[in-house]
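K.L.:
Next come a sequence and a model predicted from it.
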Amino acid sequence: LMTRLSDQHTEAAAEVASRKARYERTLKAELEREQSIKAANAAITKEIHHVQNLNGDLRWRAATLGHSNDAMRSDLRSLQENMTMAQEFVATSLSHSDDAQAAELEVLAELAANDAKEAESKLKSQRLQEISG
């Protein structure tokens with residue numbers, strides 16, 4: 001009976017030791033997996049913060065570009081208004097400065113005609129002198 005009890009006690013102790021070893025291996029594997037998950041979570045958290053910072057920078061840049069675009073659009077509108085005024089000024093100036101039919105310029109036409117007659121008269125006189133010679 002004692003031997004049997006001793007054997008059962010030894011078997012029970014061996015079974016407990018075996019279960020304890022399995023349980024410890026399982027705990028160790030779970031601990032390693034937990035540590036791996038924590039490391040992965042830390043890396044993901046770090047990446048999330050990095051992306052959030054980049055997004056913040058990009059939003060700031062987009063807002064800056066928006067303000068810059070607004071200013072440029074305003075400058076272009078002013079330029080367009082100035083160009084429109086310049087076009088109107090040129091059109092008005094051209095229509096008011098067309099003096100081709102002005103009476104004051106008829107004098108120039110008369111002078112040119114007189115100059116032509118005088119030149120023709122001089123030419124005739126020279127030819128007559130050459131002929132009479």
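P.N.:
Good, I have the coordinates.
K.L.:
Point to the helix or strand of this protein where mean pLDDT is at its lowest.
P.N.:
Every helix and strand in the chain was compared by mean pLDDT, DSSP states H and E; the lowest is helix 106-132, with a mean of 90.
K.L.:
hey, where'd the helices end up in the chain?
P.N.:
2-96, 106-132 (DSSP state H).
K.L.:
List the buried residues for the last one?
P.N.:
If you call a residue buried by 16 or more other C-beta atoms under 10 Å, then helix 106-132 has no buried ones at all. (Each C-beta comes from the backbone N, C-alpha and C, glycine too.)
K.L.:
gap between residue 48 and residue 7?
P.N.:
Look at residue 48 and residue 7: by C-beta to C-beta, to the nearest Å, they are 60 Å apart.
K.L.:
Ok, residue 102 next?
P.N.:
141 Å.
K.L.:
And the residue nearest to the spatial centre of the chain, what's its pLDDT?
P.N.:
In the chain, the centroid-proximal residue (C-alpha atoms, centre = their mean) is residue 65; its distance is 7.6 Å. According to the prediction, residue 65 has pLDDT 97.
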